[in-house]
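> Just to be clear, the model below is a prediction. Sequence and coordinates:
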Amino acid sequence: MSIVGNCGRRHILAGIAALGASAVLRGARAETLAENAFRIDVHHHMAPPDYIAEISRRGPVRGPLQGWTPNASIDDMDRAGVAVAILSITTPGLWFGDDEKARHLARLCNDYGAKLAGDYPSRFGLFAALPLPDVDGSLAEIEYALDVLKADGIGFYTSYGDKWLGHAAFAPIFTELNRRKAVVYTHPTINNCCRNLLPDVNEAVIEYGTDTTRTIADFVFSGAAARYPDLRLIFSHAGGTMPFLIERFVNLAKEPKLAARLPHGVLAELKRFYYDTAQSANRGAMSSLKELVAPSQIVFGTDFPYRTLEEHVDGLAHCGFTAAELQAIERDNALALLPRLRA
């Protein structure tokens, strides 16, 4: 089943030809190879031409993203036995100080991703991008992405400026997504607080995991997790440093003010979230995560094109999971979240 539906219902960006003739010609082969693959990658990035053009105006684009094509994704998926990749936009995101421009860029990116999913319905899905921190624009884009494009879910960053996802400013968005019982994918970013701290260390090395932890803490301790029980949240990179810090989370939750916001307890909220394996497919990270959550809450993610899919398949094979647990992590848990993929 196509994620796009009737193209006559929606605007398709004029520049979609940038996908290239080779992508169109590869369609039949791409669909056939899906029969021999089973894994589902929920953390897989695309780089629409309009997005690359926009961020290029603000500085150099990192090599792997600059060279991305749909065929590059398909080739890497085939090598790793991955049937479906759910596409999303990575950092630095879409908002650069102008709401209207961010709305326009979000629409272009989402149309592009939906067109790819329509061209390759058994290979690609879409977590739609939002023009946050523009709340009104984001609400409009949620309606368009889920009702018109039939996106698989909505993508967020872990923070926006000085606000993490539990902030009251985002309440209208999460209220709507909770009403829809939506799948919400989160990708880390570098918060304003923590830029340029270590001159010889790429900020993503430390800050991505740390900002993931901050937004989990904010979402839980602000009471947002309890207010939106029907959201299905995926946090990247095995939950950042949260599993390692779990004892501190549990002790903080004993404070009366915070305990009142957690009627089911902090562990109950943390255990119902989903966590992907992107850049975390190693025994240390997975051992910590699986002590906290059941294998049913872990989903396969790779961070392509920054890392290969094969690296993650090989890494997970050495993390002590049983064959049944690996089957759940690499495929079945994503199917439970995204049942349309069964088609």
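Received it, and whenever you're ready, just let me know what you need. Only a predicted model underlies this, so the values are computations on that prediction, with no experimental measurement involved.

> give me the number of residues near residue 283?
12 (other CB atoms under 10 Å). All C-beta spots, glycine's among them, are computed from the backbone N, C-alpha and C.

> give the contact list for the nearest residue to it once chain neighbours are set aside.
Closest residue to residue 283 apart from its sequence neighbours, by CB to CB, 6 or more residues apart in numbering: residue 319 at 5.1 Å. By CB atoms under 8 Å, 6 or more residues apart in numbering, the residues touching residue 319 are 281-283, 286-287.

> Turn these into CSV, including secondary structure and pLDDT.
Converted to CSV, the contacts of residue 319 look like this (DSSP: H, G, I helix; E, B strand; the rest coil; pLDDT from 0 to 100):
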residue, secondary structure, pLDDT
281, coil, 97
282, coil, 97
283, helix, 96
286, helix, 97
287, helix, 96
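
> Out of those, which comes closest to residue 254?
Taking CB to CB as the measure, residue 254 sits nearest to residue 287 out of the contacts of residue 319, at 26.0 Å.

> Buried ones in stretch 302-317, by neighbour count?
Within stretch 302-317, the residues that count as buried by 16 or more other CB atoms under 10 Å are 302-305, 307, 309, 312-313, 315-316.

> Contacts for stretch 253-269, please.
Residues from elsewhere that reach stretch 253-269 (CB under 8 Å, 6+ apart): 220-223, 225-226, 249-250, 252.

> Repeat that for stretch 210-225.
Applying CB under 8 Å, 6+ apart, the contact partners of stretch 210-225 are 158-159, 164-168, 171, 174, 186, 188-191, 194, 233, 235-237, 239-242, 245, 249, 252-253, 258, 261-262, 266, 269-270, 273.

> hmm, back to that, which one of the buried residues of stretch 302-317 is nearest to residue 82?
residue 309 (5.3 Å).

> how much space between the closest one and residue 164?
30 Å (CB to CB, to the nearest Å).

> quick one: residue 139 is in a helix?
Yes: Residue 139 forms part of a helix when assessed by DSSP: H, G, I helix; E, B strand; the rest coil.

> Now do the same contact list for it.
Contacts for residue 139 (CB under 8 Å, 6+ apart) come out as 172-173, 176.

> next one: residue 82
Shown in contact with residue 82 (CB under 8 Å, 6+ apart): 37, 39-41, 76, 309.

> Residue 164 contacts residue 156, correct?
No: using CB atoms under 8 Å, residue 164 is not in contact with residue 156, being 10.3 Å away.

> These two: who's more crowded?
Shown here are residue 164 and residue 156; by other CB under 10 Å, residue 156 has more neighbours (27 against 21).

> What is the three-state secondary structure of the more buried one?
Here residue 156 is recorded as strand under three-state DSSP.

> start the count at 6, not 1, going forward
All right, first residue 6 from here; so that's residue 161.

> Quick check: closest non-adjacent residue to it.
Per CB to CB, 6+ apart, closest to residue 161 is residue 191, 4.8 Å.

> so what does the helix or strand encompassing the one you found touch, helix or strand wise?
Secondary structure assignment for residue 191, by DSSP states H and E: strand 188-192. The contact analysis (3 or more CB pairs under 8 Å, 6 or more residues apart in numbering; DSSP states H and E) places strand 188-192 against strand 44-50, strand 87-93, strand 158-162, strand 237-240.

> Residue 336: which of these is closest?
Nearest to residue 336 among those is strand 44-50 (5.4 Å), distances taken as CB to CB.

> pLDDT (mean, whole number) over the closest one?
In this model, strand 44-50 has a mean pLDDT of 98.

> Show me what it packs onto, helices and strands only.
Here strand 44-50 touches helix 75-85, strand 87-93, strand 188-192, helix 314-321, helix 338-342, going by 3+ CB pairs under 8 Å, 6+ apart.

> Alpha carbons of it, as PDB, please.
This file holds the C-alpha atoms of strand 44-50, laid out as PDB (Å, rounded to 0.1, in the frame of the first residue of the first chain):
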ATOM      1  CA  ARG A  44      14.600  -5.700   8.700                       C
ATOM      2  CA  ILE A  45      13.000  -2.300   9.300                       C
ATOM      3  CA  ASP A  46      15.200   0.800   9.900                       C
ATOM      4  CA  VAL A  47      13.300   3.500  11.800                       C
ATOM      5  CA  HIS A  48      16.300   5.900  11.900                       C
ATOM      6  CA  HIS A  49      17.300   6.500   8.300                       C
ATOM      7  CA  HIS A  50      17.900  10.000   6.800                       C
END
